[in-house]
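Participant: fold the following for me, if possible:
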Amino acid sequence: MPTIKFIAKKAGVSPTTVTNVLHGNYARVSKATREKVETYLKKYNYAPNMGAMILAQNDSRIIGVIMFMEPRWNETVLEDPFSSAILGAMEEEIRAMGYFFMLHTTTDKEEVVRLAKTWKLAGLILVWVPRNIGPIILDSVESPVVFIDSHLATKDKTYHSVGLKDEEGGYLISRYLLEMGHRKVIFLANDTLFSGTDLHRFRGCQKAFKERNIDLDLDEKILLSKEKSERYKTYSKLSSKEMPYTALVFSSDYYAAEAVSYLQDCGIRVPEDISVTGFDDNIFSRMIHPHLTTIHQNSSDKGRIAVSMLMKLIKKQEIEQPNVQLDVELVIRDSVKDINN
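Facilitator: Numbers count the residues shown, from 1 in each chain. This is a model prediction of the structure:
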């Protein structure tokens, strides 16, 4: 394996010059010299020693990403296109900035705090952290932190986050259902804790119904199981003729698409027998038939904006808007029936 000294000898420069090129310290190296060094690095397939680079710069160059998420049974977190879209965008941005990406998933609150405190990181991005855990992390971690889709229970301390106008999304989908004549709906949540994004989306649903002088109380929700067979039982029960519901309002396209597929296999027609809506507008919403009426969000933008915000914090640059909420849009497709007549 070629070493820095070997590359330096071939390029006719000092080992320090090669190190500067590797670390991106281009101010100390002319363009011509840099290009020559890069040519030899490529020619001999030089792979930098990450540990050595970290020690040399006294900087971990590692961006930690912790996803507080319980995977569905017999599946991994990355099988959900929503998760992979966010992670893919973050990894691409982090790599382009010359940093390294390290991912960890957990549902253990204590582990989130422990990892956030003990990892030697340049910065940390936390995804879907419960609102009561966020303030503890902020008090415990010295590295810059950015949250994604985390509605924290803190008013006294400034924190940096990228999220979505979740309540508006819930409002838009419910207002559309009401316009289509639906009065008996039930909300199906992803999060067994029913906090954060699911709670805000449900509040948006309540707001739309309240405008029609209809109460949508907390009983009109179900926290979906991580076990597929249990979810199937729920879909079958809610769509039966004994139930009053005319529409199933899902907090994610993943579960909405799963429900549509399962119900059709059982001979239950969507939307003729029951309407279904999703949230996210991911690839499942466009692949399933009928195509899902859903709320559009750009999950990749979430990841990119979070990395950009974190890099500003690392470089101690000013951030004009510490809490970014991205817009949502109602996408009307074929999974809702007009039952006004």
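Participant: wait, residue 239 sits on residue 247?
Facilitator: No - if you go by CB atoms under 8 Å, residue 239 and residue 247 don't touch, sitting 10.2 Å apart. C-beta: built from backbone N, CA, C; applies to glycine.
Participant: now the common contact residues for these two.
Facilitator: Common neighbours of residue 239 and residue 247, using CB atoms under 8 Å, 6 or more residues apart in numbering, are residue 274.
Participant: those two: who's more crowded?
Facilitator: residue 247 (27 against 21; other CB atoms under 10 Å).
Participant: show me what that one bridges to in the sheet.
Facilitator: Beta-bridge partners recorded for residue 247 (DSSP bridges): residue 185, residue 275.
Participant: and the helices in the stretch 1-150 of the chain, which stretches?
Facilitator: 4-11, 15-23, 31-43, 50-57, 81-96, 109-118, 134-140 (DSSP state H, counting those that start in this stretch).
Participant: care to break the protein down by domain?
Facilitator: 4-57, 62-163+299-326, 166-297 (automatic domain parsing).
Participant: out of the ones you listed, which is closest to residue 332?
Facilitator: Nearest of the domains of the chain to residue 332, taken as CB to CB: domain 166-297 at 5.3 Å.
Participant: how far is the closest one from where the chain is centred?
Facilitator: 20 Å (CA atoms, centre = their mean, to the nearest Å).
Participant: can you pull out the strands in the stretch 101-250 of the chain?
Facilitator: 123-127, 145-148, 161-164, 185-189, 221-223, 247-250 (DSSP state E, counting those that start in this stretch).
Participant: just name the most buried of the ones you listed.
Facilitator: strand 247-250 (a mean of 27; mean count of other CB atoms under 10 Å).
Participant: what is it packed up against?
Facilitator: helix 166-179, strand 185-189, helix 253-265, strand 275-277 (3 or more CB pairs under 8 Å, 6 or more residues apart in numbering; DSSP states H and E).
Participant: now the ones you listed in CSV, with distance to residue 205 and mean pLDDT?
Facilitator: Below are the helices and strands packed on strand 247-250 laid out as CSV (distance: least, CB to CB, whole Å; pLDDT from 0 to 100):
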stretch, distance to residue 205, mean pLDDT
helix 166-179, 4, 97
strand 185-189, 6, 96
helix 253-265, 14, 96
strand 275-277, 10, 98
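Participant: ranking the ones you listed by burial, who's on top?
Facilitator: Of all the helices and strands packed on strand 247-250, strand 275-277 has the most neighbours on average by mean count of other CB under 10 Å, namely a mean of 27.
Participant: for the helix or strand just after that strand, what is the average pLDDT?
Facilitator: Sequence-wise, the next helix or strand downstream of strand 275-277 (DSSP states H and E) is helix 283-287. Summarised as a single mean, pLDDT over helix 283-287 is 92.
Participant: who are the packing partners of helix 283-287?
Facilitator: helix 253-265.
Participant: tell me the pLDDT at the closest residue to residue 331 other than its chain neighbours?
Facilitator: Counting by CB to CB, 6 or more residues apart in numbering, residue 331 lies nearest to residue 296, which is 4.9 Å off, once chain neighbours are set aside. Per-residue confidence (pLDDT) for residue 296: 97.
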